Structure formats: C-alpha cells, structure tokens
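K.L.:
Just the structure for this:
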Amino acid sequence: MSKLLPDLYVNTIFDIDLIALRNRGIDSIIVDIDNTLVAWETEYASKEIIDWFKKIKELGFKCCIISNNTKDRVVKFNKSLEVYAIHRAVKPRKKPFLKAIKFMNTTPDKTVVIGDQIFTDILGGNRLGAYTILVVPISKKEFFWTRIVRKLEKRILKKIEKVN
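P.N.:
Presented below is the predicted three-dimensional model:
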C-alpha cells in the first residue's frame, strides 16, 4: 500500500513549491503529460506550461517527460519545451524511469516524479525510490481504461485525505 501513496498531493503543478524541492536536494523532475500538464488530447503546451518549464530550467532542474502515449503525441507536445522525453513508457515499469534518470545524469533520491495517476506515475516513482507528487487530474475526459482505474484510486485518495 505504501508504494501507492504520494509524498505530496496538490491541485496543480503550479502549487508545487520548486524552491522547497531544491532545498530537499531534488535536481531532476520527471513529469507526465496527460491530465498532469494539460487536459487529455491537448496537443500543445500552453503558455503557462511553457513558462513553468522555463522556470524549472532557470532554477537548475533537469527535466524528462515520461508518457504512456504515442511517439507522435509526445514529440509534438515537447516541441516547445525541449526537454528529454520518453513515449510509450508502459508506466509503472521501472525501465522508463531508469532511462530518464540516466538521461538526466542523476539518482532516484534527487528526483521527483509528478503525475495524476496513482497506479502509473506514483507507483512507478515510488518503486524507483523517488519523491512523488500526485496532482488532481485536469480533465474528466480520459482514456477508457483510466476511467476504470480512477475508481480504485478514489479509495486510496480517501486514505490520503484522512492522513492530511
């Protein structure tokens, strides 16, 4: 059960205190796209997302996008961000997370994984030994399978809310 619990739960990526992360010794960010950065099926990063990526780069963070989505989707989305990116990751497998760690020349204990799904992003990050942040999904529109998994996630979220 502990592998399913995030270290932090926030409404959006904009609620993450980047200075606090840096003060924890975090130097690298792994982040999901769909329903974490933008609504599912949104093709391009918004100005706010582009600005957030500029800010994390200015603060000295390295960054890698990890998505279970297609190469075309990830490449198109990453065009304006220009960070490392991994497509068809099959999260929560460790392999894409380890690949991201290698790209960024860092270690799991210096990495944060940010995403909207417990069974992919948070489980994958926790299996890696990274700091994990769960964000509230941006949109209700999602892939069919994700809607089913969300029902299980609701049970876990109730436990998180009791702790907080």
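K.L.:
So the residue lying closest to Phe61 once chain neighbours are set aside: helix, strand or coil?
P.N.:
Of all residues not flanking Phe61 in the chain, Ile29 sits nearest, at 5.2 Å (Cβ to Cβ, 6 or more residues apart in numbering). Glycine gets a C-beta too; all of them are placed from N, C-alpha and C. Taken by DSSP: H, G, I helix; E, B strand; the rest coil, the conformation at Ile29 corresponds to strand.
K.L.:
what residues are up against Ile29?
P.N.:
21, 56, 61-64, 111-112, 114 (Cβ atoms under 8 Å, 6 or more residues apart in numbering).
K.L.:
run the last query once more with 7 Å
P.N.:
Ile29 sits next to 56, 61, 63, 112, 114 when contact means Cβ atoms under 7 Å, 6 or more residues apart in numbering.
K.L.:
What ranges in the chain fall below the confidence cut-off?
P.N.:
In the predicted model of the chain, residues 1, 140-152, 155-157, 159-164 satisfy pLDDT under 70.
K.L.:
Can you go through the contacts of Ile29 and name the buried ones?
P.N.:
Burial by neighbour count, judged by 16 or more other Cβ atoms under 10 Å, picks out 56, 61, 63, 112, 114 from these.
K.L.:
Roughly how far does Trp52 sit from Lys99?
P.N.:
Distance, Trp52 to Lys99, by Cβ to Cβ, to the nearest Å: 23 Å.
K.L.:
now swap in Val10 and tell me
P.N.:
The gap separating Val10 from Lys99 is 26 Å, by Cβ to Cβ.
K.L.:
if we can go back for a sec, out of Trp52 and Lys99, which sits in the busier spot?
P.N.:
In terms of neighbours (other Cβ atoms under 10 Å), Trp52 is the more surrounded of Trp52 and Lys99; the figures are 20 against 15.
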